[in-house]
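A.B. asks: following is a predicted model, sequence given first.
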Amino acid sequence: MIRLLEQFDGSGLRRSHYSEAILSHLEAYGAGFDFCRFYEVAEKKRSAVISVFNGSMTADFTEGAKITRAVCREIAEFADFWQPYSIELPRELVQPRGFSGYTSRERVFFDVPPAESSEGIAAPDPETVFKTVYSDGGDYGLWLTDTLRRVNMNLSRLYGYESAVLTVRFMRGGSAYITDVATPPEDRGRGYAERLLGGASRLLAEEGLSAYLAAPPESAGYYRKIGCPEFASDRIFIKKTVTENKNDGIF
C-alpha cells in the first residue's frame, strides 16, 4: 500500500545516494508543497519511501526492509499513475520489465579526487551555468528558483573554472553529489572541466565532504581518463515522450 506522508522527518531511510537525494528535497522544502511530496510503501511496516519533486521521482528502501515483488509492483504502479519524467531508484526496487513507457539509461558512479589546489575556482553567475548546461533550452525560471533556494540555504553550490561549470546538487552525510558538468563546445579539450572538478573537490574536501558524480557510459571514459575511480552503476528511467538534450541534468 502507498500513502502520502503529510508529516515526514526522514527517519528510517538507509544511507545511500537515493536516500540522500530524497532527504535533500525534504531539507530544502519540507513536506508541505504540492510539487514536493513524500510517500511510503508499506506492507506491515514501511518498506520504501518515494519522493516526487517537480515531476521527477526518486525512491529508496528503508534500513533493514525486506524487498518483495509486491513492493516493486506498487512502485511501478505508482510511476504508471503519476508518469514522472524521470525515475531514479536502486536496482532492488526495479521490476525485471522496468517501467512501461520509459527508456532505461545506464549510469556509472565515480569518486572525484581533490586536486592539490583550488586556485581559479569561482562561483559563476547562475544564468551562465544554465545556458552552459542547458544549451538546447529548458525552464530557466523553475531551475533558477530551485537552485537559488538551495544555494542560499547552503544546501547546494555552483562552481566554475574559466568557461566550465558544475553544480553540487546536494551535500549530505559527508558526501557531495556533483551534476551538470559542462563546458561550451568551443572550449572543450582545454582541460577546464578537469581543473574544475579537481578544484571543486578540493574545496569540498576542506569542508569534510567527499565528491562524487554519475555519468552515462558515453562519458565514463573521460572520467576514467582523468583519474576518477568507478565505484557503482545503476539505471535511471526517462519518459519516452520527454525531449532530452545531452546535458539534461539527470546525471
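C.D. replies: Nice, thanks for sending it over.
A.B. asks: check contacts around residue 165.
C.D. replies: Going by C-beta atoms under 8 Å, 6 or more residues apart in numbering, residue 165 touches 124, 128, 129, 132, 133, 158, 159, 180, 181, 182, 183, 196. Glycine gets a C-beta too; all of them are placed from N, C-alpha and C.
A.B. asks: swap the cut-off to 10 Å and go again
C.D. replies: 122, 124-126, 128-133, 158-159, 180-184, 192-193, 196 (C-beta atoms under 10 Å, 6 or more residues apart in numbering).
A.B. asks: now the helices for the protein?
C.D. replies: 17-29, 69-82, 126-133, 140-152, 192-205, 217-225 (DSSP state H).
A.B. asks: quick one: distance of the shortest one to the chain centre.
C.D. replies: Which is helix 126-133. Mean-position distance between helix 126-133 and its chain equals 18 Å (C-alpha atoms, centre = their mean, to the nearest Å).
A.B. asks: can the helices of the chain go into a markdown table with extra columns for mean pLDDT?
C.D. replies: As requested, the helices of the chain are exported to a markdown table (pLDDT from 0 to 100):
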| stretch | mean pLDDT |
| --- | --- |
| helix 17-29 | 98 |
| helix 69-82 | 96 |
| helix 126-133 | 96 |
| helix 140-152 | 96 |
| helix 192-205 | 98 |
| helix 217-225 | 96 |
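A.B. asks: the closest residue to residue 14 other than its chain neighbours and residue 50, how far apart?
C.D. replies: With sequence-adjacent residues excluded and distances taken as C-beta to C-beta, 6 or more residues apart in numbering, residue 14 is closest to residue 63, at 4.4 Å. Per C-beta to C-beta, to the nearest Å, residue 63 is found 16 Å from residue 50.
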